[in-house]
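**Q** sequence and predicted structure are below.
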Amino acid sequence: MSDTTSPSTANEQIVQPVLTVCVTCRRGLSSAEIGDAPVPGRQLYDALMANAEGSGIVVKPVECMSLCARGCAAAVSMPGKWTLLLGSLEIEKLADFKEWLKLYSASKTGMVPASKRPPALSDMVIARLPADVASATKTA
């Protein structure tokens, strides 16, 4: 059984993955090491935005995801799929990351087995959160 979805029909709404990127992430670098350059999280966000049009991905900025030791940090989500908290992202891994995002988008559950990830991204998944956590919670 495959974990990929069938191609969408004209009557289906096209849903894109949302990638939220920490734009304040320093990736463990000090201010002296960064100098006047934008912080690594901002650089990653800018690189993703430069290629976002037509990519099928919505990229959003957020300030501080509290993953300083595992930066650059991001989260990817889609309705009905696992939300994944990601770390150890770098601009140098951008091509592999964009390919992985396509696999995430095509999967039914949002899970892309480690064996399908490019080796450069083997350590990027920090945590997964159930799909639609807020809508699944019942209040008394």
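**A** Thanks, I have the structure now.

**Q** return the residues in contact with the most centrally placed residue in the chain.
**A** What sits nearest the mean C-alpha location of the chain, by Cα atoms, centre = their mean, is V76, with 3.7 Å. V76 makes contact with 17-20, 83-84, 86, 101, 104, 110 under the criterion Cβ atoms under 8 Å, 6 or more residues apart in numbering. All C-beta atoms are positioned from the backbone trio N, CA, C, and that covers glycine.

**Q** show me what the biggest helix by length in the chain is packed against.
**A** Ranked by residue count and defined by DSSP state H, the top helix of the chain is helix 94-106. The contact analysis (3 or more Cβ pairs under 8 Å, 6 or more residues apart in numbering; DSSP states H and E) places helix 94-106 against helix 40-50.

**Q** just to revisit the earlier point, distance from the chain centre to the helix or strand just after the longest helix of the chain, please.
**A** The C-terminal neighbour of helix 94-106 among helices and strands, as given by DSSP states H and E, is strand 125-129. Distance of strand 125-129 from the chain centroid (Cα atoms, centre = their mean, to the nearest Å) equals 10 Å.

**Q** go on, stretch 93-104?
**A** The mean C-alpha position of stretch 93-104 is separated from the chain mean by 9 Å, Cα atoms, centre = their mean.

**Q** what does stretch 122-134 give?
**A** How far stretch 122-134 lies from its chain's middle: 10 Å, per Cα atoms, centre = their mean.

**Q** and of the contacts of V76, the nearest to L67?
**A** Nearest to L67 among the contacts of V76 is L86, at 8.8 Å by Cβ to Cβ.

**Q** can you tell me how far that closest one is from M124?
**A** Counting by Cβ to Cβ, to the nearest Å, the gap from L86 to M124 is 5 Å.

**Q** name the element the residue nearest to D46 when sequence neighbours are not counted belongs to?
**A** Distance criterion Cβ to Cβ, 6 or more residues apart in numbering; nearest residue to D46, sequence neighbours excluded, is P38 at 7.2 Å. Assigned by DSSP H and E, P38 belongs to no helix or strand.

**Q** what mean pLDDT does stretch 82-98 get?
**A** Per-residue pLDDT over stretch 82-98 has a mean of 92.

**Q** run through who's touching it.
**A** Stretch 82-98 has contacts (Cβ under 8 Å, 6+ apart) with 27, 40, 43-44, 47-48, 51, 55, 65, 67, 70-77, 104, 109-111, 118, 120-121, 123-131, 133.
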